[in-house]
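*Asks:* quick one: sequence plus predicted model below, questions after.
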Amino acid sequence: MNRFLITAVALLVPLAAHAKPPAGAAPVSGLPTSLSAETKECLSCHRSDSPALYTQWGQSKHFRGNVGCYECHRAEKGDADGFDHNGEFISVLVTPKDCARCHQREVAEFLGSRHAKAGRIIGSLDNHIAEVVEGNRAFKSPGFPGGNSAAAVNGCWQCHGSPVKVVKEGKLDPASWPNSGVGRINPDGTEGSCAACHMRHEFSAAQARHPNTCGKCHLGPDHPQKEVYEESKHGIAFAANVDKMNLGSAKWIVGEDYSAAPTCATCHMSATRKQPVTHDIGMRISWNNRPALSIRPEVADAKMGLAGAKVNWQTRRANMKDVCTACHNESWADSFYIQYDETITLYNDKFAKPGLALYEAAKPLLGPSFSSVIDFVWYEIWHHEGRRARHGAAMMAPDFTHWHGTYEIARNFYVHFIPKLKDLAEKFAGSKDEAKAKQAAALGAKVDEVLNSPDHQWFLGKGKAEPPPAGAHK
Amino acid sequence: MNRFLITAVALLVPLAAHAKPPAGAAPVSGLPTSLSAETKECLSCHRSDSPALYTQWGQSKHFRGNVGCYECHRAEKGDADGFDHNGEFISVLVTPKDCARCHQREVAEFLGSRHAKAGRIIGSLDNHIAEVVEGNRAFKSPGFPGGNSAAAVNGCWQCHGSPVKVVKEGKLDPASWPNSGVGRINPDGTEGSCAACHMRHEFSAAQARHPNTCGKCHLGPDHPQKEVYEESKHGIAFAANVDKMNLGSAKWIVGEDYSAAPTCATCHMSATRKQPVTHDIGMRISWNNRPALSIRPEVADAKMGLAGAKVNWQTRRANMKDVCTACHNESWADSFYIQYDETITLYNDKFAKPGLALYEAAKPLLGPSFSSVIDFVWYEIWHHEGRRARHGAAMMAPDFTHWHGTYEIARNFYVHFIPKLKDLAEKFAGSKDEAKAKQAAALGAKVDEVLNSPDHQWFLGKGKAEPPPAGAHK
Amino acid sequence: MNRFLITAVALLVPLAAHAKPPAGAAPVSGLPTSLSAETKECLSCHRSDSPALYTQWGQSKHFRGNVGCYECHRAEKGDADGFDHNGEFISVLVTPKDCARCHQREVAEFLGSRHAKAGRIIGSLDNHIAEVVEGNRAFKSPGFPGGNSAAAVNGCWQCHGSPVKVVKEGKLDPASWPNSGVGRINPDGTEGSCAACHMRHEFSAAQARHPNTCGKCHLGPDHPQKEVYEESKHGIAFAANVDKMNLGSAKWIVGEDYSAAPTCATCHMSATRKQPVTHDIGMRISWNNRPALSIRPEVADAKMGLAGAKVNWQTRRANMKDVCTACHNESWADSFYIQYDETITLYNDKFAKPGLALYEAAKPLLGPSFSSVIDFVWYEIWHHEGRRARHGAAMMAPDFTHWHGTYEIARNFYVHFIPKLKDLAEKFAGSKDEAKAKQAAALGAKVDEVLNSPDHQWFLGKGKAEPPPAGAHK
């Protein structure tokens, strides 16, 4: 290995020198100078047993750095998922703890992010839907004798991650493995999975930076970030210029190493001339649009006990504007944020706040959770359509803001939610159960209050329609 | 600059010689021989302040032709959006008027097209939905003290365009800028935006010809041309052969410069061996499928007072068939049009005409516009599903014609629209308001009439189902 | 032609020697050594009349093998679609029989597959929807004087194929041509169309192996395999690595010739180190997820009288696992199948079986087929959402399994299907028609039975919600 190569490799893994040296002789860069004997032993079979894996690895930086099968898959004494395999103690799972042997900084950032905590949703509201409403407990496996819902296992768990159970001798429970969720809960106690984005076994930067990688989970009716991006000018520029994106470059600074388009990574993670790359994906986001009511990210982080609670939205927005200004001027970025904020305000004030209050008023009159059409209509208003409107505005995809977003919100609010709430109030108005009758009266009053408020009185034919904005043509 | 380069550049901008010469010394081609002093001044800061823009421009034909920042952004005395910026009078907005300094023919074609008029929708029916039903006037800005609906600003305006307001000293109102709509209404009185398709700041032909560029607006539930194209054989061929498309070629004649696939531009705009490229996108379209009832394009153009009123659909169809025959024989193209026309006829006759009549009959019994589920069901039948069926047939994507189209039209017509109209007629049948009772009777009679007509009597169990077509297997 | 080229060409068309020699002198490989006189005659016009076709063909292996227009388009005496064209007897249609002159093995495999039988759906339930509910018989053409439904012609027929009618002198009826369906029923009696996937006129392997080719038909609400694939890790790897896929290689063995990603073809058709490429796309599929209730493929094949009836699902699954293990280890593949099977079981047991029984009980109380919302809700539960859940699990796209799948199934089952069945039972409970009243009682009893069963009693507030799975975080 010549001097240049050593320097180059050291650059790629700048913290390697501080990490525990993996097997093999280690030069100053911290990387071995040849494949380890153990890895050679692995390859003696897997070269032909898993030919595609072998080839993928052969194209990776790991290969050039003499990091092979054993360096990642070796288990430590006491690892729950370790097992003896032809004389070596290894594990199938490679967890963030394993990756951190070399990639300390990246893993630390990732572990502090919401990505790594995605598995905590198991057992929450969304999971009630998958476990009880959609599923049952028929999927019994050694690690889960009480059974799981196949809808959760094949659905939720594959994006959010789930606990991975070790059955015996390192064998992983078939309900919990394969598991591609970013918030996988590993037998070694760590949360998260690097392989959710850095796919097997090439770990190519180009692949990780490709928008479709994020689209593994960020797509569909309830969080269509992938589709939103594709519609936006950013996505259009990417599709037309993918060959100019320099996606495989080690140094990948927007405005220096590429300028044709931004990917998801560009805006949320990658380096600018002022900021280093980060694996905490929340640090440039100034609204958390996950809940029914959009909140600031530091509030959301505080709820989960994350360190992000200390980083306010203004800081995060400044981080993002720093990205914007590689291509746009500052006043453009400022105006964009005014437009975006106004959509959040419209959604929050006109639909989310009254919607939450109405649903709260209806709840005592409804049966088990998600047994009524009202549950679903309200859920989709905020969880599906409401997010589409907000994400559409966040990333400038007008079709998602409007047709998939505010249009559907308004339709479902006025001609499904409101009428069904009225029916519910009427149904229980004369109930002999006094509590129910009272709740029905309160619900009816709440409906009236909302419909008579300035934002909604048009529905009753009240209020004057203001003239269209000046300058508009007919 | 050698002789060859001068010739090549002259070819690219054939009208440059007739345009007002931009700053800098101009040779016979009309293009400057070096960057202007003003542009050099701009670059002295923006090279580092907006590095990605600088790089994009460096890859553009503009750079090779010594057309720089100042040549496009310079303002004329009296321009409402002009402002002094470090000693130069410039504007942020570059309008079709600015582009026409060099690109006269292209701008003239564009200004005559429906694209440039897209901003006129502001204040129309669709805008009522965005302004009143989905929105409110809470988004107040200096240029719009009465406020705008954020749903319109982040939705409608970003495809259709909106009036751009100048607040002071060239500063653009944040509700109206950023604005990426193709029908932007500019402070200089022009309609349209070239940058809607020719993206900043490379203005690459390859990017403009990419189908995703059109997909910025032509996608989604109500006009999914992008998705339709992707399903079609045309889109499949493009995806598999994108590297053979020669997308960056100056001369881009189908059958000469490329033959692997057509893009949106190929069929609707680009050159054939007989036709030059055109920026009037309606000149090859023989049905206007925008309204509830499909009409001929010359009729639609007449309604908007466009010059296209003089170009009948037969001419436009002949233009398109000329494109088809680069790859297909004439009888293939003829038969395709028979199939397409028959879908329009089926849609118009079976659903659109009776649907319009039924909605008309229901209207007097409904409340404010879009306060009833009937408004939405009918609207989506023609505006969403009806367009999908028609566009699917127009571009040969069977899934959009059928599953996203005629299937959903039929479902919503028979099991949502009709039953809800019956309920409405019943509700007002015994009304003490005599007018209402009469309208209810008329609506009920209209429903009966439609259901007893040959196309719909199957719904009542009447009429004989004809045998399946001969030759069909069971 | 040098020795190497002869060998190479012979390799590409290994059965050519056994096929009837096409026009032109034939060397040992069975391929002509020069273009035939007839083809040269064709080209004398079509070179300029159909320039893109000419260029496509010029890039094809056919060109290199001196297989030209005439070799594929020549008709045999007596061919119904043959006609005299400038002195040659030719046909527009190229059917599997024509392709089999050289590609015997591929055609034989294809003809035995379900793909070739797709046209048999014409006249079935799905066609009732397109012909009667969505359509009418207004599309009259010489070959179909009784008329067809344009919704069927532009919809169903373009994926499934239809009978192609010859009107006169080889002219094809405009309702039946253009026809891009894979199960086209040809005038020569053969079923199927090679050109459905091998597009005109380059017949490029790279294009045929591209996932979008399959997406011509396998997309949309009822069988979104294309979208499912795109979300999956397989599709992500493809998108990021398309340039490494070696898609044009003659030999294309996963793990040998490429390893970056699998396409649809990789898993369902293409060669592994143990299996040759096959054009029978069902031979690696272990569940048939088309019907309301998932069944084994050999059962489905037996229903259609296909040879596949003799190949059980275990064999097909072993075939597929052989593909999996190019990249995954065996226990990974085993566990994947456990997860997949459990989703099928959940869907079949919790929704499909009771749903079918409920619909059966409701049928006598419903009007003409697809005149009630109940028809559509049940149809979409199994035909749309149910397939999405099953295909999502089959190909590991969690969003389709869950949000587009089991979530929508559950929602529509509980808050649309069940309530509407109850309403129906109530409506006829007091009917004077004794049979109806009895049927209504039976329907009501069936609803009660289902809702009180272990999978559904949560809906009634009965049963104890079991604790969430151990190890789950709150």
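*Replies:* Good, I have the coordinates.

*Asks:* what residues does the stretch 351-474 of chain A have near chain C?
*Replies:* A:367, A:368, A:370, A:371, A:372, A:373, A:375, A:376 (C-beta under 8 Å from any C-beta of the partner chain). C-beta: built from backbone N, CA, C; applies to glycine.

*Asks:* was I right about the first one contacting residue C:461?
*Replies:* The one in question is residue A:367. Yes. Under the criterion of C-beta atoms under 8 Å, residue A:367 makes contact with residue C:461 at 6.1 Å.

*Asks:* more neighbours: the two, which one.
*Replies:* When residue A:367 and residue C:461 are compared for neighbours, residue A:367 comes out ahead with 12 against 9, by other C-beta atoms under 10 Å in any protein chain shown.

*Asks:* for whichever residue of chain A sits closest to chain B, helix, strand, or coil?
*Replies:* Per C-beta to the nearest C-beta, residue A:402 is where chain A lies closest to chain B, at 2.8 Å. Three-state call for residue A:402 (DSSP: H, G, I helix; E, B strand; the rest coil): helix.

*Asks:* who's in contact with the residue nearest to it when sequence neighbours are not counted?
*Replies:* Spatial nearest neighbour of residue A:402, excluding adjacent residues (C-beta to C-beta, 6 or more residues apart in numbering or on different chains): residue B:155 at 2.8 Å. By C-beta atoms under 8 Å, 6 or more residues apart in numbering or on different chains, residue B:155 lies in contact with A:392, A:398, A:399, A:401, A:402, A:403, A:405, A:406, A:407, B:130, B:134.

*Asks:* what of residue A:186?
*Replies:* Contacts here follow C-beta under 8 Å, 6+ apart; on that basis residue A:186 touches A:81, A:93, A:95, A:96, A:97, A:164, A:192, A:193.

*Asks:* farthest pair in those?
*Replies:* Greatest spacing in those, by C-beta to C-beta: A:81 and A:192 (15.3 Å).

*Asks:* CSV for the contacts of residue A:186, including neighbour count, distance to chain C and pLDDT?
*Replies:* Formatted as CSV, those follow (neighbours: other C-beta atoms under 10 Å in any protein chain shown; distance: C-beta to the nearest C-beta, whole Å; pLDDT from 0 to 100):
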residue, neighbour count, distance to chain C, pLDDT
A:81, 22, 13, 93
A:93, 25, 12, 94
A:95, 24, 15, 96
A:96, 22, 16, 97
A:97, 17, 18, 95
A:164, 28, 9, 96
A:192, 27, 13, 97
A:193, 28, 12, 97
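
*Asks:* helices - which of the residues of the stretch 351-474 of chain A next to chain C land there?
*Replies:* Using DSSP state H, A:373, A:375, A:376 are the members of these that sit in helices.

*Asks:* what is the burial count for the last one?
*Replies:* In other words, residue A:376. When neighbours are defined as other C-beta under 10 Å, residue A:376 has 25 of them.

*Asks:* find the nearest non-adjacent residue to it, please.
*Replies:* Nearest residue to residue A:376, sequence neighbours excluded (C-beta to C-beta, 6+ apart): residue C:411, at 5.1 Å.

*Asks:* same check, this time on the first one
*Replies:* Leaving aside its sequence neighbours, residue A:373 sits nearest to residue C:415 (C-beta to C-beta, 6+ apart; 4.0 Å).

*Asks:* contacts only, for that neighbour.
*Replies:* Residue C:415 touches A:371, A:372, A:373, A:375, A:376, counting by C-beta under 8 Å, 6+ apart.

*Asks:* which of those residues ranks first by neighbour count?
*Replies:* Counting neighbours by other C-beta under 10 Å, the top entry in the contacts of residue C:415 is residue A:376, with 25 neighbours.

*Asks:* residues touching it, list them.
*Replies:* Counting by C-beta under 8 Å, 6+ apart, residue A:376 has contacts A:370, C:411, C:415.

*Asks:* redo that, cut-off 10 Å
*Replies:* A:129, A:133, A:370, A:383-384, A:412, A:416, C:407-408, C:410-412, C:414-416 (C-beta atoms under 10 Å, 6 or more residues apart in numbering or on different chains).

*Asks:* single out whichever of these has the smallest pLDDT.
*Replies:* Model confidence across those bottoms out at residue A:129, which has 93.

*Asks:* what's the neighbour count on that residue?
*Replies:* With other C-beta under 10 Å as criterion, residue A:129 counts 26.

*Asks:* quick revisit: tell me which of the contacts of residue A:376 is nearest to residue A:235?
*Replies:* The shortest approach to residue A:235 among the contacts of residue A:376 belongs to residue A:384, at 21.0 Å (C-beta to C-beta).

*Asks:* tally of neighbours for the closest one?
*Replies:* Counted with other C-beta under 10 Å, residue A:384 comes out at 23.

*Asks:* does it touch residue A:223 like I think?
*Replies:* Yes. Taking contacts as C-beta atoms under 10 Å, residue A:384 lies within contact range of residue A:223: 8.9 Å.

*Asks:* narrow the contacts of residue A:376 to those in helices?
*Replies:* A:412, C:407, C:408, C:410, C:411, C:412.

*Asks:* residues in contact with the second one?
*Replies:* For residue C:407, the set of contacting residues under the criterion of C-beta under 10 Å, 6+ apart consists of A:126, A:129-130, A:133-134, A:151, A:155, A:221-222, A:376, A:379-380, A:384, C:385, C:388-389, C:399, C:401.

*Asks:* let's see 8 Å
*Replies:* Counting by C-beta under 8 Å, 6+ apart, residue C:407 makes contact with A:129, A:130, A:134, A:155.

*Asks:* present the residues you listed as JSON lines; the columns should include distance to residue A:213.
*Replies:* Output for the contacts of residue C:407, formatted as JSON lines (distance: C-beta to C-beta, whole Å):
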{"residue": "A:129", "distance to residue A:213": "27"}
{"residue": "A:130", "distance to residue A:213": "24"}
{"residue": "A:134", "distance to residue A:213": "27"}
{"residue": "A:155", "distance to residue A:213": "20"}
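
*Asks:* can you tell me which of the residues you listed is nearest residue A:41?
*Replies:* residue A:155 (38.9 Å).

*Asks:* tell me how far the closest one lies from residue C:285.
*Replies:* Noted for residue A:155: a distance of 22 Å to residue C:285, by C-beta to C-beta, to the nearest Å.

*Asks:* report how many residues lie close to the residue of chain A closest to chain B.
*Replies:* The number of residues packed near residue A:402 is 29, by other C-beta under 10 Å.

*Asks:* relative to residue A:287, how far out is it?
*Replies:* For residue A:402 relative to residue A:287 (C-beta to C-beta), the value is 18 Å.
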